[in-house]
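> Here you go, sequence then predicted model.
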Amino acid sequence: MAILRAHGLRKDYGKGTGLVRAVDHVDLDVAAGETVAVVGPSGCGKSTLLHLLGGLERPTGGEVWLGEQRIDRMPEAGLARLRRHALGFVFQGFELVDELTARENVELPALLAGESPRVARRRAAALLERVGLADRAAHRPMALSGGQRQRVAVARALIGRPRIVLADEPTGNLDSAATTEVLRLFTALRAEGQTLLIVTHDSRVAATADRVVTMRDGALVGRTHLAGAGGGTGAFAGLEG
Amino acid sequence: MQDVVLALLAKEPSHGYELRSRLQEALGPVGDALNAGQVYVTLTRLEKAGLVTAEHVGQAHRPDRKVYALTAEGRGRVDAWLADLTWGKPSEFHLKLVAAAAARLADPVDLVEAQRGELLRRLAEVQRAVLNEPDGSVAAPLIEGVALRLEADLRWLDACARYWERKG
């Protein structure tokens, strides 16, 4: 069953001759437990697509469904509630609060959602353990590496037990080693059944998904299934020395 | 080289000099290293293999020239080459796109998308290896190198797609 579904999705900016169609009639389904990567060059509209899917922006046309709920026309209050409970967001720049510790950053959305401090704290501690940062819980973001900050951000995204996590260039600010760190975490989450949508210009990130859709000039132009693909692609052939 | 020459002939029967000019135009500076006799040697081999036929055409004041045409078997081999996703030299894939567009055998953008899928599948295998490799493993830099090369190839495919989309 599709957790997230876009149909005929469209987003225009500007008018007349200055009209830019950032997202151009996109159809996309993300099934439960699936990791989908949207790839494409910068400016292809993939971040706008993520914003439309996550209810952060309103489409010009088309529909967005989260499970059985159509969300593209939902009033703002309802959307805000969904963003707290059903959706998790991970951004390129981590977007952590510098003045708060790692654990407080993770707790924050739960507290805002009305969770008791005791429950929020317990759940934040468990999530930091889950992302391998239990020993960094009391550190502020500035005292953490880029990869660690992004793992804190992933823990924060998970605290509302989201039906889907939407990640916008999650490794865009990370070096190769930190990228591997975050991808290991995503892979583990997927193994636990977490649904993920990752927007990235990095094909190494995309290659860890079940399915890759390619976006160009606002439209989806290619789809590649990687799920269940075994070895034997010849990637290492002829390199043995 | 054989596949490239066959695919160029798919547009129309042609003689060696013309094929060589088309190759040089498509390759630009990369074609400078092309041996003058290479196209002729390849054509002779293709003729022996029954993939092309040669017809002597008389010219005024000059010796006859040989015009080569694809046989049905040669045409079959061109189709197989277009569908083949083996990843070799960039110039070979580039010439595949050029020849496919010239002869209207396939949309170059579709060929790029098919190739992208293949390279993504390879990169998926490599990335699985990267993620499974223990920290500090001595093989890690090598695997990363393979991943980075595939990443560069995929970015090049983006550039190819942009070029042929503008053309199309």
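Yep, that arrived.

> Now do the helices in chain B.
B:2-9, B:16-27, B:38-48, B:72-83, B:90-102, B:108-132, B:140-167 (DSSP state H).

> Can you lay out these as CSV showing mean neighbour count, distance to residue B:64 and mean pLDDT?
Every C-beta, even on glycine, is put in place using the N, C-alpha and C of the backbone. Supplementary listing: the helices of chain B in CSV, determined by neighbours: other CB atoms under 10 Å in any protein chain shown; distance: least, CB to CB, whole Å; pLDDT from 0 to 100:
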stretch, mean neighbour count, distance to residue B:64, mean pLDDT
helix B:2-9, 23, 19, 93
helix B:16-27, 17, 12, 91
helix B:38-48, 17, 15, 93
helix B:72-83, 16, 22, 95
helix B:90-102, 19, 26, 94
helix B:108-132, 21, 35, 93
helix B:140-167, 16, 36, 92
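
> Make TSV from those and add distance to residue A:173 to it.
Putting those into TSV (distance: least, CB to CB, whole Å) gives the following:
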stretch	distance to residue A:173
helix B:2-9	43
helix B:16-27	39
helix B:38-48	48
helix B:72-83	40
helix B:90-102	30
helix B:108-132	19
helix B:140-167	17
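
> Throw these into a markdown table and include distance to chain A, thanks.
Compiled in a markdown table, the helices of chain B are given as follows (distance: least, CB to the nearest CB, whole Å):
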| stretch | distance to chain A |
| --- | --- |
| helix B:2-9 | 18 |
| helix B:16-27 | 24 |
| helix B:38-48 | 24 |
| helix B:72-83 | 16 |
| helix B:90-102 | 15 |
| helix B:108-132 | 4 |
| helix B:140-167 | 4 |
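
> Show me how chain B divides into domains.
B:1-105, B:107-168 (automatic domain parsing).

> circling back: out of the helices of chain B, nearest to residue A:189?
Ranking the helices of chain B by their distance to residue A:189 (criterion: CB to CB) puts helix B:108-132 first, at 12.8 Å.

> so what secondary structure elements neighbour the closest one?
Under the contact criterion of 3 or more CB pairs under 8 Å, 6 or more residues apart in numbering or on different chains; DSSP states H and E, helix B:108-132 touches helix A:176-191, helix A:203-206, strand A:211-216, strand A:219-225, helix B:90-102, helix B:140-167.

> Report the angle between that helix and strand A:219-225.
Here helix B:108-132 runs at an angle of 50 degrees relative to strand A:219-225 (axes from the mean of the first three to the mean of the last three CA atoms, to 10 degrees).

> mind listing what residue 102 touches?
Chain wasn't specified; assuming chain A. The contact partners of residue A:102, by CB atoms under 8 Å, 6 or more residues apart in numbering or on different chains, come to A:96, A:128, A:133, A:136, A:137, A:138, A:139, A:140, A:141, A:144, A:152, A:155.

> The intended chain is chain B.
B:8, B:11, B:22.

> and if we set it to 10 Å?
Going by CB atoms under 10 Å, 6 or more residues apart in numbering or on different chains, residue B:102 touches B:7, B:8, B:10, B:11, B:12, B:22, B:26, B:108.

> measure it to residue B:19 for me?
Plainly put, residue B:102 is 11 Å away from residue B:19 if you go by CB to CB, to the nearest Å.

> between those two, what contacts are shared?
Residues touching both residue B:102 and residue B:19 (CB under 10 Å, 6+ apart) are residue B:8.

> Quick one: the contacts of residue B:102 as CSV, columns for distance to residue A:160 too.
Converted to CSV, the contacts of residue B:102 look like this (distance: CB to CB, whole Å):
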residue, distance to residue A:160
B:7, 55
B:8, 59
B:10, 58
B:11, 59
B:12, 64
B:22, 61
B:26, 55
B:108, 46
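
> now for the residues you listed, which pair is the farthest apart?
Farthest pair in the contacts of residue B:102, by CB to CB: B:12 and B:108, 18.5 Å.

> rewinding a little: now distance to residue A:53 too, for the domains of chain B, in CSV please.
Below are the domains of chain B laid out as CSV (distance: least, CB to CB, whole Å):
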stretch, distance to residue A:53
domain B:1-105, 31
domain B:107-168, 22
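
> Which among the ones you listed is found nearest to residue A:209?
domain B:107-168 (8.2 Å).
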